[in-house]
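Trainee: got a predicted structure plus its sequence, pasted below:
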Amino acid sequence: MTGSATFGFRDVDPAAKPGLVRGVFDRVARRYDLMNDLMSAGVHRLWKDAVAARLNPQPGETIIDCAGGTGDMARRFARMARRVQERRGGEDARIFVVDYNAEMIAAGREREFEPEIAWAVGDAQALPLPDRCADAYVIAFGIRNVTDISRALREARRVLKPGGRFLCLEFSRPVTEALQKAYDAYSFKVIPEIGRLVAKDRESYQYLVESIRRFPDQRRFAAMIGEAGFSQVGYTNFTGGVAALHTARAI
């Protein structure tokens with residue numbers, strides 16, 4: 001990749017971004033889920049539940065939870081697939097949590113054990129998985145931290161079987177000017193202060209807010225998904241566009 005990469009409101013050397021992002025998540029890993037609850041008043045859980053319902057994981061499926069961090073999405077998938085398995089049988093689902101940050105993976109593995117889940121440190125731009133191995137690929141609140149988003153999308157396409165499902169949950173653009181103004185005020189004034197008071201780390205949460213603003217809006221990101229070789233591309237806004245679920249199928 002040439003040119004520059006975004007790190008919050010800064011433009012940085014692409015080679016430097018992975019280390020900068022890793023530093024952010026090293027610092028926030030232990031309080032990551034608590035901070036998500038505080039910053040969103042728990043609404044992120046409803047968004048994630050909606051993603052899991054849309055995915056509808058089944059026994060025997062192979063699901064990649066990319067940038068899966070502490071495993072909150074993977075645990076949803078495992079429990080849902082197991083409930084179906086209890087009703088009609090079938091093999092265990094196989095859920096691979098892949099995250100670039102070892103501290104996030106470590107925080108996730110310390111929690112309750114789900115036998116369907118395997119954990120690995122890996123790069124969304126070069127997944128440690130073979131071609132056409134997965135029935136579904138999910139990435140929640142992770143793709144905006146990737147250095148080369150287009151490359152990560154192509155990599156998602158590579159590991160999906162033909163017809164495989166792609167789901168990406170990411171912060172996006174509110175659909176009204178009034179909501180955008182309120183969201184901006186909350187994001188820039190409140191979230192970094194929550195980070196300072198609870199996580200003792202204002203800087204990391206300032207970056208996270210800025211990274212949301214630099215991420216492409218719903219239409220542009222949908223176009224990027226199509227350019228990566230996916231079909232049936234669409235998106236659903238959550239909470240007036242504060243977040244959006246992007247969906248597609250591997251061709």
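Mentor: That came through fine.
Trainee: what number of residues lie near Gly89?
Mentor: Around Gly89 there are 9 other residues, counting by other CB atoms under 10 Å. For the C-beta atoms, the positions are set from N, CA and C on the backbone; glycine is no exception.
Trainee: if you could redo that for Gly71, that was the one I meant.
Mentor: 26.
Trainee: which residue packs closest to it, ignoring adjacent ones?
Mentor: Gly108 (3.7 Å; CB to CB, 6 or more residues apart in numbering).
Trainee: and the one you found, its phi and psi?
Mentor: Dihedral angles of Gly108 (phi, psi; degrees, to the nearest 10) stand at phi -70, psi -40.
Trainee: tell me how many other residues surround it.
Mentor: For Gly108, using other CB under 10 Å, the count is 23.
Trainee: right, and it touches Met73 too?
Mentor: No: counting by CB atoms under 8 Å, Gly108 sits too far from Met73 to count as a contact (10.3 Å).
Trainee: now do the helices in the stretch 101-250 of the chain.
Mentor: Along the stretch 101-250 of the chain, the segments classed as helices by DSSP state H, counting those that start in this stretch run 102-109, 149-159, 177-189, 191-194, 202-214, 218-227.
Trainee: tell me the mean pLDDT over the fifth one?
Mentor: Spelled out, it's helix 202-214. In this model, helix 202-214 has a mean pLDDT of 87.
Trainee: same question, the fourth one
Mentor: Confidence over helix 191-194, taken as the mean pLDDT, stands at 86.
Trainee: buried sites along that helix?
Mentor: 191-192 (16 or more other CB atoms under 10 Å).
Trainee: contacts only, for Arg82.
Mentor: 59, 92-93, 116 (CB atoms under 8 Å, 6 or more residues apart in numbering).
Trainee: so the residue lying closest to Ile139 once chain neighbours are set aside bridges to which residues?
Mentor: The shortest distance from Ile139 to any non-neighbouring residue, by CB to CB, 6+ apart, is to Cys66 (4.3 Å). Counting by DSSP bridges, Cys66 forms beta bridges with Val98, Ile139.
Trainee: look up how far Phe166 lies from Cys66.
Mentor: Taking CB to CB, to the nearest Å as the measure, Cys66 falls 10 Å from Phe166.
Trainee: equivalent analysis for Arg83, please.
Mentor: 24 Å.
Trainee: between those two, point out the one with more neighbours.
Mentor: Just comparing Arg83 and Phe166: by other CB under 10 Å the higher neighbour count belongs to Phe166, 25 against 11.
Trainee: please name the bridge partners of that one.
Mentor: Going by DSSP bridges, Phe166 forms beta bridges with Tyr137, Ala248.
Trainee: doesn't Ala250 make contact with it?
Mentor: Yes: contact criterion CB under 8 Å: Phe166 and Ala250 qualify, at 6.7 Å.
Trainee: quickly list what's touching both of the two.
Mentor: With CB under 8 Å, 6+ apart as the test, Phe166 and Ala250 both reach 157, 160, 230.
Trainee: and the first one, how many neighbours?
Mentor: Going back to what we said before, that points to Arg157. The burial count for Arg157: 20, using other CB under 10 Å.
Trainee: would you check that it makes contact with Ala250?
Mentor: Yes: Arg157 is within contact range of Ala250, at 5.7 Å (criterion: CB under 8 Å).
Trainee: between the two, what contacts are shared?
Mentor: 166, 229-230.
Trainee: dump those into a markdown table; add distance to Val12 as well.
Mentor: Shown next, in a markdown table, are the shared contacts of Arg157 and Ala250 (distance: CB to CB, whole Å):
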| residue | distance to Val12 |
| --- | --- |
| Phe166 | 28 |
| Gly229 | 28 |
| Phe230 | 28 |
